[in-house]
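**Student:** Pasted the sequence and its predicted model underneath.
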Amino acid sequence: MAEWGSYFLQFCIFLMICSHVNGQICDTNDRDGEGNPDSKDNDVDSTPDLALLLDATDNEYKIKCCGFVDAWEFYAKSNTGTLALQVWRPLGGGTYELVGQNTYSVTNTNREIRYSVPVSERIPVKNGDFIGFYTSGNPIVSYKREGDSTDGWTSSTSLGSSTAGDTFDWGSATSFTESREYAINVQLDPGNSPSFTNLGTSVTFLDDTAPNSLLYTVTSTDLDSSDILTMTMTTSTTSFTFDATTGEVRNSGLLPSGSTTLSFRVTDTCGRQSTGSLTIVVQNIAPVIHNLPATYDLSEDHTTEQLLYTINATDSSSYDTVTCSVSAVSPATDNFFARLNSGSTTDYGVYVKALPTLDYDTTRQYDVTVRCTDSKDPVTGTFTVYISRNNPPVFVNLQATTRIPSVSSTTGNIIYTVNSTDSDSNQLYYNMTCVPTGCPFTIHNSGEVLVTSDLSSHTIPGYDLYIYVSDGNTLVGPRTLTVIIEGINSAPVISNLPLSTPVTVQENSPLSSSVYQVLITDVDVGQNHTFQVYSTPSIGSTLFSIDSTTGLISTSSTQNINYETVSATSTSYQLTVTVSDGYDTSTSTLTVSIADKNEAPVFGKETYAISGTEGAAGTTIGNPSFDVTDPDVGATQTYSIDCPSFNINPTTGVVTFRYTCTEGIFVCFCWFVCFNSMSSLS
C-alpha cells in the first residue's frame, strides 16, 4: 500500500505539472466537437472560399486537453474538393495563430468521413485551442440548425491558403450567434513521451582537462516530431554546466576527482517527461618522484640543521599542487623531516634536524619514506641515510717551540704554521688561548700564527700558546706552541725626576738660560736617545725648550719671560719630559715656577716745571703732575726732591716752601726721585 501511495502521489504531482502547463493530458478516447457528425447533415454553406472558426461560447469545439490530433471526423454534404482541417490558438485581441492543419481530398459526398492523421502530420494541441476549417471552393462540411445563442461561430472569406505558424485577425471577421451545430470533431491522443537517446552511460577524462571543455552532448527524441522538447540538468553542481539548447555538458573549472553522476530530465509540450543520467569519471594523474631511491652519507657528529636532498616530484596536471613529507623512518626517529626549500614554492627537500641523535655504533642506516601527493593520490620513495663514523683531526707539528726577534717582528708577521690532517674533512678550524694572557698573537684557520702588534717594545720574553683544532664536529687539543721573544729592549730611565720641589726661574732671565739638566740611565749600551718636553699649561711650550739630544731644559731662545704677562695664565708650569731609545720610552715631570722681580718706575718725560708767588714756609708752590709708570702692577710710588729750599709730598708730588720766601725771584733746578719699595728712578 505504501508503494501504491507513492505512485499515486507521483501521479498527482505529474497531473498538477501538466495541468499547470497546458491542462490535462489528452486520453486516447478524448474528442472535442460534434460527437455524431452524420446527425448534422441537414445543410451546407454556399459561400465559396469560406473559412470558419468554431469559437462557440459553449466551448463544444474548444480543445480541452494537451496532446495530438489523431483523427478527424466530419460529414461531407454535397460538394467535393480539398478540405483544410485546422487548429487555431488564441493569442489575444482577436488574433489567432494557426497551430497546424491537415488536408483531406473529398471525392465522395453525403457521408461521414473519418481521417486518421499519419503520425508525422499530427498537430500538437493544448487546452484552449479551437477547431476550424477552410475550403478553397464550395463548402463541404454540413451543419444543422439547433442549439441556442451559445452555438455561434466566426467566418471569413479572406483567410485563403495558410500554413502553420501564420496568424489571422479573427476578431475582425464576421461573428454569428445563429444556432448551428457543425458536423465535425477531432479525436485526440496523448502522444508519446520524450526520451534520451544517449544517457545511462559514463565518460572518462583525465584531471588535467582544461576548464570549459566539451565533455558530452546530451540528445533526446520524441516520436511526435512536431513536439517541442525541453532538457534540464536536475543535479545541483558548481563543477559542471549544461546548455539546454545544445545539450552540451562542460566543466566550469577543474574536474573533481572521482565519479560524478549528473541527472537530466526531458519534458515535452504537454509535460510528459523522461529522466536519465550521465556519469563522469575523472582519472587523477598521480605525481611522480623522479629521483628516488637515493642515498646520503652523514657523519655521526653532525650538529646543524641541513638540507640533505632535494626531491624532484612533478605532476603532469598543471592544476595539481604536489606536496611532500616524511611519512616514516626506519628505525623510527624524528631526526629527519621534509619541507619546502628556502625561496622555493615547489621544491621540497629532506632535512636533518639540528642536534640529531646519531651514533654510528648504534644505528648505521636510516630508511626515510618520502610521501608526495597531489591531494588525491600519494606516491612514495625511499631515501637512505648512511651514518659514518667521524675521524678527529690530528696535529702534525705540535708540540713545538719557535724563537722570534723582538726588533724585527711587526704586525702581520707569520711566526709559525700549524699543520693538521683529517681523513674525512678538508676544512679545519683553529683557535687558541695563551699564558700569560693578552699575548700579541692570533691563529687563522689556515694554521698560520701571526703577530698582532709591534714587538720591538715588548717586555715579556715568551708565551705558551695552547692551540685547538676542530673539523666542525670534534675538537682536539690543546697542543702547546712555545714562543720565545729574543732581544727584548729595556726602556731608558729618567734618573733625576721628578723633584720634590719646583725649579724657580726669575722673570727677565736671559734668553736660552739653563733651567734643568735631565739625566737618564739605560742598560742597553750604545743606544741613541731622544728627548721631548710638553707643558701644562701649553703656553709653557713657548717659554721653555729641551735639547733633544742632551736633555738640557732652557728658557726660550726668542721669547723673554715676563712675570706680569704670564701671571694672567699661570706662573707654574708642569713640564712632561719624554725620552725614547727608538723602541721604548720613559716619561717624568718637572715643575717650574716663575719668580717675580721688582722693576723701577719710569717718568714719562725728563723735565717738569712749576711756578708760584712768595710765601711763608709750607706754602704750596704747585703740583708738577708727574707722569710715572711702574711695570710692577700694584706697587706704591714715593716722591723725593734734592733742593734744600723745597719740600715734596712723597705721595702726591705737591711741592711747598721749606723756608719763608719774601722777595726777589727765586729760580731753582731740582732733581726729583720716584721710587717704589724696591727700586727708584730720578
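**Tutor:** Arrived safely.
**Student:** Could you double-check that G93 lies in contact with G171?
**Tutor:** Yes. At 6.5 Å, G93 counts as touching G171 under the criterion of CB atoms under 8 Å. Where C-beta positions appear, they are placed from N, C-alpha and C, glycine not excepted.
**Student:** Neighbour count for these two, which is higher?
**Tutor:** Neighbours per residue, other CB atoms under 10 Å: of G93 and G171, the larger number sits with G171, 13 against 8.
**Student:** how close does the more buried one sit to Y134?
**Tutor:** Distance check for G171 against Y134: by CB to CB, to the nearest Å, it reads 18 Å.
**Student:** how about the strands of the stretch 51-200 of the chain, start to end?
**Tutor:** When assigned using DSSP state E, counting those that start in this stretch, the strands of the stretch 51-200 of the chain occupy the ranges 51-53, 67-76, 81-92, 95-106, 111-116, 124-125, 130-135, 142-144, 153-156, 167-169, 174-176, 181-182, 184-189, 195-196.
**Student:** looking at the ones you listed, which one has the lowest mean pLDDT?
**Tutor:** The weakest mean pLDDT among the strands of the stretch 51-200 of the chain belongs to strand 174-176, with a mean of 90.
**Student:** how about the helix or strand hosting T402: buried residues?
**Tutor:** T402 is part of strand 400-405 when elements are defined by DSSP states H and E. In terms of neighbour count (16 or more other CB atoms under 10 Å), strand 400-405 has its buried residues at I404.
**Student:** repeat for stretch 364-383
**Tutor:** Within stretch 364-383, the residues that qualify as buried are 366, 368, 370-374, 376-377, 379, 381, 383, counting by 16+ other CB under 10 Å.
**Student:** next one: stretch 281-297
**Tutor:** Across stretch 281-297, burial judged by 16+ other CB under 10 Å covers 282, 284-287, 289, 292, 294.
**Student:** can you give me the end-to-end distance of it?
**Tutor:** The first residue of stretch 281-297 is 45 Å away from its last residue (CA to CA, to the nearest Å).
**Student:** How far off centre is it?
**Tutor:** Put simply, stretch 281-297 sits 31 Å off its chain's centre (CA atoms, centre = their mean, to the nearest Å).
**Student:** which residues are in contact with stretch 224-231?
**Tutor:** Contacts to stretch 224-231, defined as CB atoms under 8 Å, 6 or more residues apart in numbering, come from residues 68, 100, 119-120, 122-124, 191-192, 194, 218, 220-222, 242, 244, 247, 264-269.
**Student:** picking that back up, and the average pLDDT for the strand holding T402 is what?
**Tutor:** For strand 400-405, mean pLDDT is 93.
**Student:** switch to numbering from 31
**Tutor:** With the count now opening at 31, the last piece we talked about shows up as strand 430-435.
**Student:** Show the subsequent helix or strand relative to that strand.
**Tutor:** Sequence order places strand 444-447 as the next helix or strand after strand 430-435, per DSSP H and E.
**Student:** Show the end-to-end separation of stretch 81-88, please.
**Tutor:** Start-to-end, stretch 81-88 (CA to CA) is 20 Å.
**Student:** quick one: buried residues of that stretch?
**Tutor:** Of the residues in stretch 81-88, 81-86 count as buried by neighbour count, 16+ other CB under 10 Å.
**Student:** got CSV for the residues you listed, with distance to S616 too?
**Tutor:** Shown next, in CSV, are the buried residues of stretch 81-88 (distance: CB to CB, whole Å):
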residue, distance to S616
A81, 146
L82, 148
L83, 143
L84, 146
D85, 143
A86, 147
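**Student:** Which of those residues sits closest to S266?
**Tutor:** D85 (45.2 Å; CB to CB).
**Student:** quick one: the closest one and T184 touch, right?
**Tutor:** Yes. With contact defined as CB under 8 Å, D85 reaches T184; the gap is 5.6 Å.
**Student:** got any residues that touch both of the two?
**Tutor:** Both D85 and T184 are in contact with W200, where contact means CB under 8 Å, 6+ apart.
**Student:** From the buried residues of stretch 311-327, which land in strands?
**Tutor:** The strands, defined by DSSP state E, take in 312, 319, 324 from the buried residues of stretch 311-327.
**Student:** Looking at pLDDT only, which of those scores worst?
**Tutor:** pLDDT is lowest at V312 among those; the value there is 94.
**Student:** and the nearest residue to that residue once chain neighbours are set aside, what is it in contact with?
**Tutor:** Distances taken as CB to CB, 6 or more residues apart in numbering place L285 nearest to V312, at 4.4 Å, with adjacent residues excluded. Contact analysis of L285 by CB under 8 Å, 6+ apart lists 235, 237, 239, 269, 310, 312.
**Student:** Hmm, N281 and the second one touching each other?
**Tutor:** No. The pair D237 and N281 does not pass the contact test of CB under 8 Å, sitting 10.4 Å apart.
**Student:** hang on, the earlier thing: quick check on the contacts of L285: which are buried?
**Tutor:** The neighbour count (16+ other CB under 10 Å) marks 237, 239, 310, 312 as buried among the contacts of L285.
**Student:** Give the full set of residues in contact with the last one.
**Tutor:** What it means is V312. With contacts defined as CB under 8 Å, 6+ apart, V312 is in contact with 234-237, 239, 285-290.
**Student:** which ones among these are found in helices?
**Tutor:** Per DSSP state H, helices hold no members of those.
**Student:** Mind putting these into CSV with pLDDT and distance to S544?
**Tutor:** Shown next, in CSV, are the contacts of V312 (pLDDT from 0 to 100; distance: CB to CB, whole Å):
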residue, pLDDT, distance to S544
T234, 96, 120
F235, 95, 116
L236, 93, 112
D237, 90, 109
T239, 92, 112
L285, 90, 112
P286, 89, 112
S287, 85, 110
G288, 90, 114
S289, 95, 119
T290, 96, 118
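**Student:** how far does stretch 102-120 sit from the chain's center?
**Tutor:** 84 Å.
**Student:** mind listing what's buried in it?
**Tutor:** Result for stretch 102-120 [16+ other CB under 10 Å]: buried residues 102-107, 109, 111, 113-120.
**Student:** Where does pLDDT dip in the stretch 581-712 of the chain?
**Tutor:** Low-confidence segments of the stretch 581-712 of the chain, defined by pLDDT under 70: 660, 662-665, 692-712.
**Student:** Which residue ranges of it form helices?
**Tutor:** Along the stretch 581-712 of the chain, counting by DSSP state H, counting those that start in this stretch, helices occupy 593-596.
**Student:** Could you pull out the strands in it for me?
**Tutor:** Under DSSP E, counting those that start in this stretch, the stretch 581-712 of the chain gives strands at 582-585, 602-610, 615-625, 632-633, 650-652, 658-659, 668-671, 676-678, 685-687, 702-705, 710-711.
**Student:** Quick check: which of the ones you listed is nearest to Q54?
**Tutor:** Closest to Q54 of the strands of the stretch 581-712 of the chain, according to CB to CB: strand 615-625, at 129.2 Å.
**Student:** The stretch 431-580 of the chain: strands as residue ranges?
**Tutor:** According to DSSP E, counting those that start in this stretch, the stretch 431-580 of the chain carries its strands in the segments 444-447, 450-451, 459-465, 471-473, 478-481, 492-500, 505-516, 523-524, 533-536, 544-547, 550-551, 560-566, 574-576.
**Student:** Now tabulate those strands in TSV and tack on mean pLDDT.
**Tutor:** Converted to TSV, these look like this (pLDDT from 0 to 100):
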stretch	mean pLDDT
strand 444-447	94
strand 450-451	94
strand 459-465	96
strand 471-473	96
strand 478-481	96
strand 492-500	95
strand 505-516	93
strand 523-524	94
strand 533-536	94
strand 544-547	95
strand 550-551	94
strand 560-566	95
strand 574-576	95
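**Student:** Reformat those strands as TSV; add mean neighbour count and distance to A625.
**Tutor:** Formatted as TSV, those follow (neighbours: other CB atoms under 10 Å; distance: least, CB to CB, whole Å):
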stretch	mean neighbour count	distance to A625
strand 444-447	15	57
strand 450-451	16	72
strand 459-465	16	55
strand 471-473	18	55
strand 478-481	18	52
strand 492-500	20	53
strand 505-516	17	50
strand 523-524	16	25
strand 533-536	15	5
strand 544-547	16	12
strand 550-551	14	28
strand 560-566	16	18
strand 574-576	21	15
